[in-house]
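Asker: fold the following.
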Amino acid sequence: MNIFTMGGLGLENEEHAGRGGTHPAVCSRKACRAEATWQLLWNNPRIHTPERRKVWLSCEEHREWLEDYLQTRGLWKETIPFAMTTDPGEAI
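Answerer: Have a look, this model is predicted:
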């Protein structure tokens, strides 16, 4: 064990600990490890400014479920395609 794996990276990512490489973006649905293909933009108007956007990533299978979850609570703003950039410093 090292300081990188102690920070919650998990055993599945231990081989990548301390490296500068990027990890594949995965779906935000609990227990789903599928590759993300959508960005669900949302904000909570009770605590965020109107222009602020939080992002959940979604695979194709869970897009509708996550959108419904956010819409039911009045948080959903927009869903747009997700494309992983090659430069981690570049905005998505």
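
Asker: low pLDDT regions in this structure?
Answerer: 1-21, 85-92 (pLDDT under 70).

Asker: which stretches of it form strands?
Answerer: Shown for the chain, the strands assigned by DSSP state E span residues 38-42, 54-58, 76-81.

Asker: counting by contacts, list what the last one packs against.
Answerer: It stands for strand 76-81. With contacts taken as 3 or more CB pairs under 8 Å, 6 or more residues apart in numbering; DSSP states H and E, strand 76-81 sits against strand 38-42, helix 63-72. The way it works is simple: take the backbone N, C-alpha and C, and place the C-beta from them, glycine included.

Asker: looking at the ones you listed, which is closest to residue 55?
Answerer: strand 38-42 (5.3 Å; CB to CB).

Asker: parallel or antiparallel, list what pairs with that closest one.
Answerer: Strand 38-42 sits in its sheet next to strand 54-58 (antiparallel), strand 76-81 (antiparallel), going by DSSP bridges.

Asker: most neighbours per residue, which of the ones you listed?
Answerer: Burial of the strands paired with strand 38-42 is given as mean neighbour count (mean count of other CB atoms under 10 Å); strand 54-58 ranks first at a mean of 19.

Asker: neighbouring contacts of that strand?
Answerer: The contact list for strand 54-58, computed with CB atoms under 8 Å, 6 or more residues apart in numbering, reads 25-29, 36-44, 48, 66, 70, 79, 82, 92.
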